[in-house]
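Peer 1: model this:
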Amino acid sequence: MSGLALERMALRLGLREQPLIRKANEYERLLKLKLIGNNKISDSVQAIICLDFAALQFNDSFDSDLALKLAGVRKAVYGNYKRTVGKLLGIDDIVSVNSLCVQYGCSNNIQDLAVDILKYYQDNTVENCDWNHPQYPCMAVYKACKLEKVKISKSKFLVSSRLKSAQWNDLDAKWTKVIEKGNFHARTEGCKMKKKDDTTSIKDIDKANKMNQTVKEQSTFVEDYETWKRRILEQARKDIK
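Peer 2: Take a look at the predicted model:
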């Protein structure tokens with residue numbers, strides 16, 4: 001498939017970022033060289049898989065259902081082709097914020113927050129890191145889930161991160177120190193609505209307390225006898241006149 005054809009396929013999949021498309025073209029050119037004399041994967045499927053890998057590389061969303069329709073193959077077949085292409089290109093199934101959120105069923109709020117956390121850490125760490133290692137997107141999603149109070153087993157992140165427990169704990173401590181400076185907060189609408197409801201409840205309680213205090217003051221007021229007597233006599237004289 002030519003570069004122009006791949007770009008049209010990218011547009012059909014909703015992928016418009018030029019760096020991503022250039023990366024997919026790079027993957028496709030390399031794949032053509034690897035498949036010389038042994039090409040069992042159609043050009044369109046090759047292009048889609050290369051776009052799939054490029055989207056993972058750039059943490060961009062990828063419509064897997066639409067990709068399967070455009071590829072015209074079953075999900076299991078696509079998975080086998082993808083593993084084959086990954087081996088030929090010398091890349092693993094890239095672990096990214098996007099792929100982790102899809103795998104764990106995380107919301108868009110968590111995904112967006114994790115991307116921001118990862119970017120902030122990249123911009124503020126002084127370490128020379130291999131950002132292609134899965135530990136970084138794993139920790140970003142893990143931190144985002146904690147902020148959003150979404151419980152996902154840490155053991156799952158450990159497996160995806162390819163770290164040992166002690167290494168994970170060390171990384172967690174480093175990220176905690178850096179991220180605290182970023183002042184990150186949960187982004188779910190539920191949290192915002194809850195805060196608004198809490199404010200409303202406090203106002204209602206204050207209003208009710210004031211009303212109760214007024215009633216209490218009125219109920220505790222006692223008119224002495226002489227004052228009552230004068231008031232009654234004054235009212236009687238007015239009535240006679």
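Peer 1: Lowest average confidence across helices and strands of the chain, where is it?
Peer 2: Least confident element among the helices and strands of the chain, by mean pLDDT, DSSP states H and E: helix 189-220 (a mean of 45).
Peer 1: Output the below-cut-off pLDDT ranges for this protein.
Peer 2: By pLDDT under 70, the low-scoring segments of the chain are 1-2, 38, 59, 92-93, 188-229, 231-232, 236-241.
Peer 1: quick one, domains of it?
Peer 2: 3-93, 98-180, 189-240 (automatic domain parsing).
Peer 1: will you turn those into CSV that also has mean neighbour count?
Peer 2: Bear in mind the C-beta positions are built from the backbone N, C-alpha and C, glycine included. Formatted as CSV, the domains of the chain follow (neighbours: other CB atoms under 10 Å):
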stretch, mean neighbour count
domain 3-93, 16
domain 98-180, 16
domain 189-240, 9
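Peer 1: Alpha carbons of the helix or strand where A173 lies, as CSV, please.
Peer 2: Following DSSP states H and E, one finds A173 within helix 165-180. C-alpha atoms of helix 165-180 as CSV (Å, rounded to 0.1, in the frame of the first residue of the first chain):
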residue,chain,number,x,y,z
SER,A,165,7.8,-5.6,43.6
ALA,A,166,10.7,-3.8,45.2
GLN,A,167,11.4,-2.0,42.0
TRP,A,168,7.8,-1.0,41.6
ASN,A,169,7.7,0.4,45.2
ASP,A,170,10.9,2.5,44.6
LEU,A,171,9.4,3.9,41.4
ASP,A,172,6.1,4.6,43.2
ALA,A,173,7.9,6.6,45.8
LYS,A,174,9.8,8.6,43.2
TRP,A,175,6.6,9.4,41.3
THR,A,176,4.8,10.4,44.4
LYS,A,177,7.4,13.1,45.2
VAL,A,178,7.3,14.5,41.7
ILE,A,179,3.6,14.3,41.1
GLU,A,180,2.7,16.0,44.4
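Peer 1: can you list contacts of it?
Peer 2: With contact meaning CB atoms under 8 Å, 6 or more residues apart in numbering, helix 165-180 is reached by 117, 120-121, 124-125, 135, 139, 142-143, 154, 157-158, 161, 163.
Peer 1: and these, which of them are in helices?
Peer 2: The helices in this structure, assigned by DSSP state H, contain 117, 120-121, 124, 135, 139, 142-143, 154, 157-158, 161 from those.
Peer 1: now the residue most central in space within the chain, nearest residue through space, not along the chain?
Peer 2: What sits nearest the mean C-alpha location of the chain, by CA atoms, centre = their mean, is I110, with 1.5 Å. Of all residues not flanking I110 in the chain, A144 sits nearest, at 4.8 Å (CB to CB, 6 or more residues apart in numbering).
Peer 1: that older thread, distance to K40 for the ones in helices among the contacts of helix 165-180 - can I get that in JSON lines?
Peer 2: Shown next, in JSON lines, are the ones in helices among the contacts of helix 165-180 (distance: CB to CB, whole Å):
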{"residue": "I117", "distance to K40": "41"}
{"residue": "Y120", "distance to K40": "44"}
{"residue": "Y121", "distance to K40": "42"}
{"residue": "N124", "distance to K40": "47"}
{"residue": "Q135", "distance to K40": "35"}
{"residue": "M139", "distance to K40": "38"}
{"residue": "Y142", "distance to K40": "39"}
{"residue": "K143", "distance to K40": "42"}
{"residue": "K154", "distance to K40": "41"}
{"residue": "F157", "distance to K40": "36"}
{"residue": "L158", "distance to K40": "36"}
{"residue": "S161", "distance to K40": "34"}
